[in-house]
Each structure stands twice: as C-alpha cells, then as structure tokens.
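Asks: Below: sequence and its predicted model.
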Amino acid sequence: MAKIITVTVNTAIDLLLEVESFVPGETLSAERAEEFASGKGINVAKAVESLGHAVLCLGFAGARSIDAFHALQTERFKTDLTVVSGKTRTNITLHDSASGRETHIRTAGFSVTDHDCRELIESIKMHTEPGAIVIISGSLPPGSPDDFYRSLIKVCRERGMTTFLDASGPGLSLGIEAKPDAIKPNQQELEALLGKSLPDENSIAEAARELVGQGIQRVYVSRGEHGCIAVSENMAVSAYLNETPEWIVSRVGCGDALVAGLAVAAGQGLDAKAALRLGVACGTVNLYSPEPGRFDSGLLADIGCRVILEPIH
C-alpha cells in the first residue's frame, strides 16, 4: 500500500448544529451540537483511516486552534501541520432535521505569509517518498498566492509522487497547469472552470476529456446524489447508486470520502472501475456519519454492490 499524505492549507473547525424546523429570526434550541477539527484534506484523511490505512496530514493550522488537530492523532492518523498566527476558521452547518436541508455559514480564519508558504513547501519535501499519493484539497487561505497549488504539485511531481487535486477557483485553474495525476471537481466547479453550463452526462464527459487532453490522467466529477463521472484517455463512466438513501445524517464531507476511496484504491493498485465503485461507496457511507470521514467501513461491501457503472459514449 502506497503512503498517503493529505495537504490542507485552509483547515477548519466544523460546528454542526441540528434543529427541527429551522425558521430564520426565531430563537431555536439545537437538538444536537458537535464540533470537529476538519478541512477538506483532514476529512479525506479521516476517511482513509476509516478504510484501515495510515495517513499523514500536512497543511496549516492556526496557533490558537492547533490542539484540536493534535487531538486527532492515532496510530494510523498522524499530523505535522505548519502552525501559523491566528485562529483556524469555523464552518457552521445548520441541519434541519424536519426537512433534511442544510445551511452553511463560513467564517474567516488565519492569513498566511510568504514565510509560512515556504515552510509548508519544506515540510512537504521532508515527507516526500517516491510512489506516495499526495491529496491537495480545499480552498486557499488569505495571503497565499493564487498559484500555490501549482507550486505544491510541481514539488510533488518532481519527487515522483502521485498527486490528486480537489479545489476550486484559482486553486483549480492554476493548479491544473502543473498537471496533477487526477482532479476531482464537482459539477459546479467544472462549469466555473470552463465557463459554460454542463447540463448532462455527455457534456460533462466531453468537458472532462478536454482536461485529459491537457495532460491530466484522470478527471472525476462528483455530482451529489447523481454519483460521479470518471474520465481518462480510454474511459468515460458514470457511477451512481441504484437507490438514493432515505436516511441521511449529514452531506458534509461526502466528496472528501469519495476522494479517499479513490486514493486508497490507487494505492492498492485497483483498476479504474473498482476504484470508482469504492469511491462512490465511501461517499455514500459518509451520509450516515455525523463527523465527515468517520464512517462505518462495514457498510461498504453492501453499498459497493449497489453502485451502477455505465459507459458514456
């Protein structure tokens, strides 16, 4: 199994509040309140651990919040985050248990300096290992250059590591210039990248083929309840569950769980279709978990059997 490293430059503290029949302007009591140290790459790492594999988390964390990330460490889950001045941002999710709807509120967190960015690059170099899988996820924090992901991917590729990129905006548009091995935009992020609407599977697959033609080996486009479309030079496949789950705890982190499944499959040398089946199963199982990435791997086999794979022509 290849070594797996996640890089989260904009870590977060997730605050999940569950209320019944959310009404704006009213005073409400939360039925449930939970707080998790997170961020997209951290969520990916939790999912990798849930799959029974070791993972190392790199990235930034605010000095006032670092203890929450240290507390995540286990025998398989290791962190070596670069500490920066300030506090890690808080992401608030309001889950309406009556309707199933979620409202997300983002707060501002730390800013990084050029020195901080150089320190993280040196940390990545220190942990490099040929053949390792590096997953770079999430938004860029204030203060980082727009092309920071491009720089990180270049460092990783020069050292013989496989790179996954899951980002949006400049992080995605400039990051793909370094030709990561795989990218995982959602449908809206892909539309924003290409500046056009992608109304159906064929248009999404054609758009992904454009990126494969630019030197990216695999493009995975997540589509929420519609599953995922995977495109490579020799494949275009739609993967989805044959039955939408009725009971959902939280949708937060499902895309991150998908990425974790794809990365673990790559580390195990699984073929493209088996990887896609595992990824979609991980994203689905995550729906049942209050903490993103901390899912019951015992459910994967049953859900994986219900994933439909259909070629896109």
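Replies: Structure's in. What do you need? Numbering: from 1, shown residues only.
Asks: Can you tell me the element Ile13 falls in?
Replies: Ile13 is part of strand 12-19 when elements are defined by DSSP states H and E.
Asks: what is the rounded mean pLDDT of that strand?
Replies: Mean pLDDT, strand 12-19: 90.
Asks: What's the first helix or strand after it?
Replies: strand 32-38.
Asks: quick one: contacts of that next one?
Replies: Applying Cβ atoms under 8 Å, 6 or more residues apart in numbering, the contact partners of strand 32-38 are 11-18, 65, 68-69, 71-72, 88, 91, 253, 290-292. Just so you know, the C-beta spots here come from the backbone N, C-alpha and C atoms, and that holds for glycine as well.
Asks: what angle separates it from strand 12-19?
Replies: Orientation check (axes from the mean of the first three to the mean of the last three Cα atoms, to 10 degrees): strand 32-38 against strand 12-19 gives 160 degrees.
Asks: rewinding a little: now for the strand holding Ile13, which elements pack on it?
Replies: strand 32-38, strand 89-96 (3 or more Cβ pairs under 8 Å, 6 or more residues apart in numbering; DSSP states H and E).
Asks: closest to Arg76 out of those?
Replies: strand 32-38 (16.2 Å; Cβ to Cβ).
Asks: Just the C-alphas of that closest one, formatted as CSV.
Replies: Written as CSV, here are the backbone C-alpha positions of strand 32-38 (Å, rounded to 0.1, in the frame of the first residue of the first chain):
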residue,chain,number,x,y,z
ARG,A,32,-27.5,18.2,18.7
ALA,A,33,-24.3,20.2,18.6
GLU,A,34,-20.9,18.7,17.6
GLU,A,35,-17.6,20.2,16.8
PHE,A,36,-14.8,18.6,14.7
ALA,A,37,-11.3,19.6,13.6
SER,A,38,-11.6,19.4,9.8
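Asks: Can you list the strands that that strand pairs with?
Replies: strand 12-19 (antiparallel) (DSSP bridges).
Asks: roughly how far is the strand it pairs with from the heart of the chain?
Replies: Averaging C-alpha positions (Cα atoms, centre = their mean, to the nearest Å) puts strand 12-19 18 Å from its chain's average.
Asks: Just list the residues touching Ala208, thanks.
Replies: Leu190, Val219, Val221, Ile229, Val231, Ala236.
Asks: out of those, who's nearest Asn43?
Replies: Checking those against Asn43 with Cβ to Cβ, the nearest one is Val221 at 18.8 Å.
Asks: burial count for that closest one?
Replies: Per other Cβ atoms under 10 Å, the neighbour tally for Val221 reads 26.
Asks: How is it assigned, secondary-structure-wise?
Replies: Of the three states, Val221 takes strand under DSSP: H, G, I helix; E, B strand; the rest coil.
Asks: what's the nearest residue to it if we skip its chain neighbours?
Replies: Spatial nearest neighbour of Val221, chain neighbours left out: Ile229 (4.5 Å); criterion: Cβ to Cβ, 6 or more residues apart in numbering.
Asks: can you tell me the helix or strand for the one you found?
Replies: Assigned by DSSP H and E, Ile229 belongs to strand 228-232.
Asks: by contact count, what packs against that strand?
Replies: Contact here means 3+ Cβ pairs under 8 Å, 6+ apart; on that basis strand 228-232 packs against helix 201-213, strand 218-222, strand 235-241, helix 272-285.
Asks: Dihedrals phi and psi, the residue nearest to His70 when sequence neighbours are not counted?
Replies: Nearest non-adjacent residue to His70, counting by Cβ to Cβ, 6+ apart: Thr79, 6.7 Å away. Backbone torsions of Thr79, given as degrees, to the nearest 10, read phi -130, psi 140.
Asks: Pretty sure Thr79 sits against Gln73.
Replies: Yes: look at Thr79 against Gln73 with Cβ atoms under 8 Å: they come within range, at 5.8 Å.
Asks: Looking at the two, which has the bigger crowd around it?
Replies: Thr79 (22 against 12).
Asks: circling back to that earlier point, mind putting the helices and strands packed on strand 12-19 into a markdown table with mean neighbour count, distance to Val23 and mean pLDDT?
Replies: What follows is these, written out as a markdown table (neighbours: other Cβ atoms under 10 Å; distance: least, Cβ to Cβ, whole Å; pLDDT from 0 to 100):
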| stretch | mean neighbour count | distance to Val23 | mean pLDDT |
| --- | --- | --- | --- |
| strand 32-38 | 18 | 18 | 91 |
| strand 89-96 | 18 | 9 | 89 |
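Asks: Determine which of these approaches Ala182 most closely.
Replies: Proximity to Ala182, assessed across these by Cβ to Cβ, is greatest for strand 32-38 (22.1 Å).
Asks: and the angle from that closest one to strand 89-96?
Replies: Interaxial angle of strand 32-38 relative to strand 89-96 (the same axes, to 10 degrees): 150 degrees.
Asks: Report the central residue of the protein.
Replies: In the chain, the residue lying closest to the centroid (Cα atoms, centre = their mean) is Asp256, at 3.0 Å.
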